[in-house]
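Participant: kindly return the folded structure for what I paste below:
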Amino acid sequence: MTENSAPAHQRLERRLLILVLLTLVLGTTVAMSWLIVGGTRAFQGPDRGLSESWPTIYGSQALLAGLALFLFARRQAWALRPQTLVILVVGAWLGELLALTAGGQLLANELDPEVGWYYWLMGTGGPIQPAAAVTGGIVGLRSRRPRG
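Facilitator: Sure thing, here's the model as predicted:
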């Protein structure tokens with residue numbers, strides 16, 4: 001059964017699950033890129049780590065996000081349109097903001113919603129992460145679909 005032949009509520013549930021998983025994947029690319037480049041000191045004050053090595057941080061993050069979405073899209077090519085992929089990636093990117101703000105406030109009681117967006121933009125490189133993820137995903141979709 002393809003995604004389009006499933007009932008509407010099942011398609012919605014599946015896309016919401018994918019959205020949550022992609023949010024976790026993109027969040028992991030942020031953590032990995034900052035940790036690989038800056039070590040644990042990156043989490044003690046990202047301003048310092050960013051000023052010293054932002055090209056490496058954002059470059060590795062773009063590479064990881066692009067690769068992750070390439071692999072995801074190759075597996076989902078039969079059921080995923082490029083427009084849906086873009087919506088899911090942007091939704092997951094915004095989900096990172098929600099997770100950062102809510103998690104920072106609830107778990108650590110240190111990240112106020114007023115500054116959460118700043119750390120989210122700094123952490124993800126603004127549009128760098130979602131652009132790389134969409135690019136990797138589109139390449140993954142095209143590499144799997146028959147050309148005609």
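Participant: CA only for contacts and neighbour counts going forward, please
Facilitator: Will do.
Participant: residue contacts, the residue nearest the centre of the chain?
Facilitator: Centroid check for the chain by C-alpha atoms, centre = their mean gives Leu26 as the closest residue, at 2.7 Å. When contacts are counted by C-alpha atoms under 8 Å, 6 or more residues apart in numbering, Leu26 is found next to 65, 92-93, 96, 129.
Participant: make it 6 Å
Facilitator: With contact taken as C-alpha atoms under 6 Å, 6 or more residues apart in numbering, Leu26 is in contact with no other residue.
Participant: Three-state assignment for Leu79, please.
Facilitator: Just to correct that, residue 79 is Ala rather than Leu. coil (DSSP: H, G, I helix; E, B strand; the rest coil).
Participant: distance of it relative to Ala8?
Facilitator: Taking C-alpha to C-alpha, to the nearest Å as the criterion, Ala79 is separated from Ala8 by 14 Å.
Participant: determine how far stretch 129-143 lies from the middle of the whole chain.
Facilitator: 11 Å (C-alpha atoms, centre = their mean, to the nearest Å).
Participant: sounds good, over and out.
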